Structures are given as structure tokens and as C-alpha cells.
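1. quick check, what structure comes out for this input:
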Amino acid sequence: MSVWPAWEVQECGSVTSWFAVRLDLPDGGRVDVLAVAAGGCVEIEEVRAQPPLSLDDLTALADWIEEPLLEACAAQSASSHESARPPESAPPPESAEALATGDRPVWPSGAEGMRLVAEEYLAAQGQGADPVLAVMSATGRSRRGSLRLIGGARDAGFLTPRHTRR
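-> Residues are numbered from 1 along each chain as shown. So this is what the prediction gives:
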């Protein structure tokens, strides 16, 4: 597996970096991934695989590339601290540490986790804040992962249905 920086954008004191990841499979297949690191988070932006990945392999992809990608992000972050950038462009220390270690808050699974997702969602909604961002902050998951958790909480009956059926 190889990971290398693709490009970097500096804007308004923040830095967004893209990384290309190539995973060569033992059967001769290849997976190319484009990942973006910004604000202490790493997200997969694009995946190309030849031959196509099964759904099980696609869900396991994050585990396969997580450690090398986090090491590349940490190395990129360290080299950016040594460059002549102004201090405000560096990520906050807690997010840089989370980026380097890959720590994610422990979140219970099952009904307890869905109940907590619903509580976070409803509390943010009551405060007039974005409920999806509140769930993202609480769980440490991406937007898509948080939306899946919210959907599971709806399906379990902890949140009202999005659309009422007639």
C-alpha cells in the first residue's frame, strides 16, 4: 500500500489536504482512494477499484487504509508546522492529536447508542443548532455515518419519521 499527498489548499488560515492511496490486492486487483484531511478529520472522497469491491470489502476499506493514511496525515501535519506558515493555519492541538492517533469517542451500539443519538439530535434541534453536526461531534463519525445512525434511531422509533405516510 502506498499513500502520498495529492494537493493542498490554504484558505482563511485553514489547510485542506488531499491524499492519494493505492492498495494492491493479492489477486492482482487494485483500489485507488482519494481522501481529504481538514479540521482534524479524514474522509474518503472517492474510491475506484478494479475489479469492483463487494459491499463487505467496501465497508472494510476504511480499516485497511486507516493506519497508513493517518501516518501520512500526521507526517504532512508535522511538515506543515515546520514550514513558514502563520501559526493560525495549524490545526488545534486536540484535533491534530486525534488525527495522528485515530481516536474516536466510544459510542455504544444497539438500542442504547440509538437512544443517545436521538437525545443528541433532539437537544441540538431544540437549541436551533444543526442536529446532524451535533451527532457528528458526539460520535466522531463522518456526516454520512451520522446520517446512518440518525436513520437507525428513526427506524427504532426514537425519532419521529421524516415523512408521514398517508
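
2. please name every helix or strand in contact with the lengthiest helix in the chain.
-> Secondary structure of the chain per DSSP state H: the longest helix is helix 55-82. Contacting helix 55-82 under the criterion 3 or more CB pairs under 8 Å, 6 or more residues apart in numbering; DSSP states H and E are the following elements: strand 2-11, strand 14-24, strand 30-38, strand 41-50, helix 93-101. From N, CA and C alone the C-beta is placed, and that goes for glycine too.

3. partners of the longest one, with directions?
-> Looking at strand 14-24 with DSSP bridges, its partner strands are strand 2-11 (antiparallel), strand 30-38 (antiparallel).

4. deepest in the core, which of the ones you listed is it.
-> strand 30-38 (a mean of 18; mean count of other CB atoms under 10 Å).

5. may I see the helices and strands packed on helix 55-82 organised as CSV, with mean pLDDT and distance to Ala123 added?
-> Formatted as CSV, the helices and strands packed on helix 55-82 follow (pLDDT from 0 to 100; distance: least, CB to CB, whole Å):
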stretch, mean pLDDT, distance to Ala123
strand 2-11, 81, 32
strand 14-24, 85, 28
strand 30-38, 86, 26
strand 41-50, 85, 22
helix 93-101, 39, 22
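
6. let me know which of the ones you listed is the nearest to Arg162.
-> strand 41-50 (24.2 Å; CB to CB).

7. parallel or antiparallel, list what pairs with that closest one.
-> Under the rule (DSSP bridges), strand 41-50 has strand 30-38 (antiparallel) as partners.

8. the inter-axis angle of the partner strand versus helix 55-82?
-> Orientation of strand 30-38 against helix 55-82 (axes from the mean of the first three to the mean of the last three CA atoms, to 10 degrees) gives an angle of 50 degrees.

9. contact partners of strand 30-38?
-> 6, 14-25, 42-50, 53, 61, 65, 69, 73, 76, 99 (CB atoms under 8 Å, 6 or more residues apart in numbering).

10. next secondary structure element downstream of the one helix or strand in the chain whose mean pLDDT sits lowest?
-> Least confident helix or strand, the chain: helix 93-101 with a mean of 39, by mean pLDDT, DSSP states H and E. Next in sequence after helix 93-101, counting helices and strands by DSSP states H and E, comes helix 110-127.

11. what is the helix or strand just after that following helix packed up against?
-> Next helix or strand after helix 110-127 toward the C-terminus (DSSP H and E): helix 131-139. Applying 3+ CB pairs under 8 Å, 6+ apart, one finds that helix 131-139 contacts helix 110-127, helix 143-155.

12. ok, Ile150 - how many residues close by?
-> A total of 21 residues lie near Ile150 under the criterion other CB atoms under 10 Å.
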